[in-house]
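Novice: Task: produce atomic coordinates for the following.
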Amino acid sequence: ALAGSFAGSPDKSSVKMKLTTDPTADMYLTDFRVEYSPNGVPSDFHAEIVVDSKNASLKVNHPYPRTPFVDIYLLDYDKTSQKPAYCIVELVKQPWKYVVWTGVVMMMCGAALLFIQGVNKEGRTV
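Specialist: Numbers count the residues shown, from 1 in each chain. Here you go, the predicted structure:
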């Protein structure tokens, strides 16, 4: 996990884009909904977009996987009007993310095996 993080850090790149309802673009906004808490503060927002001629749904912290190494995150929206006219998305390219996840899974499996095996009376693992 650490090796993948260190090696992949220089390869990570991100781009922020403003998506409007213009259907001539490669990516565009088709619908946007905002949910408000009882005190009037936005609690959740949800965007429906078209990416590469496919419909996609975006929520905060729930990215859309455009390719195995590129994810699209919803960042912000037009707060000046009742019906938002645009939203801000971020495209994040992480070519090493599966190497990092493999390392994390291996560490979790190792910790589980140590827990299952236990330690002997000398304090060493069995």
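
Novice: distance between the worst-scoring helix or strand of the chain on mean pLDDT and the chain's centre?
Specialist: Here the helix or strand of the chain ranked lowest by mean pLDDT, DSSP states H and E is helix 2-8, holding a mean of 72. Centroid displacement of helix 2-8 relative to its chain, using CA atoms, centre = their mean, to the nearest Å, is 19 Å.

Novice: ok, then the element right after that helix?
Specialist: Next in sequence after helix 2-8, counting helices and strands by DSSP states H and E, comes strand 13-19.

Novice: quick one: buried residues of the lengthiest helix in the chain?
Specialist: Of all segments of type helix in the chain, defined using DSSP state H, the longest is helix 97-117. Of all the residues in helix 97-117, those buried under the rule 16 or more other CB atoms under 10 Å are 97, 99, 100. For the C-beta atoms, the positions are set from N, CA and C on the backbone; glycine is no exception.

Novice: Name the nearest residue to the last one, ignoring sequence neighbours.
Specialist: Nearest residue to residue 100 in three dimensions, chain neighbours excluded: residue 4, at 4.1 Å (CB to CB, 6 or more residues apart in numbering).

Novice: How about the second one?
Specialist: The shortest distance from residue 99 to any non-neighbouring residue, by CB to CB, 6+ apart, is to residue 4 (3.5 Å).

Novice: show me the contacts for that neighbour.
Specialist: Applying CB atoms under 8 Å, 6 or more residues apart in numbering to residue 4 gives the contacts 96, 99, 100, 102, 103.

Novice: try 7 Å this time
Specialist: Each residue near residue 4 by CB atoms under 7 Å, 6 or more residues apart in numbering is listed here: 96, 99, 100, 103.
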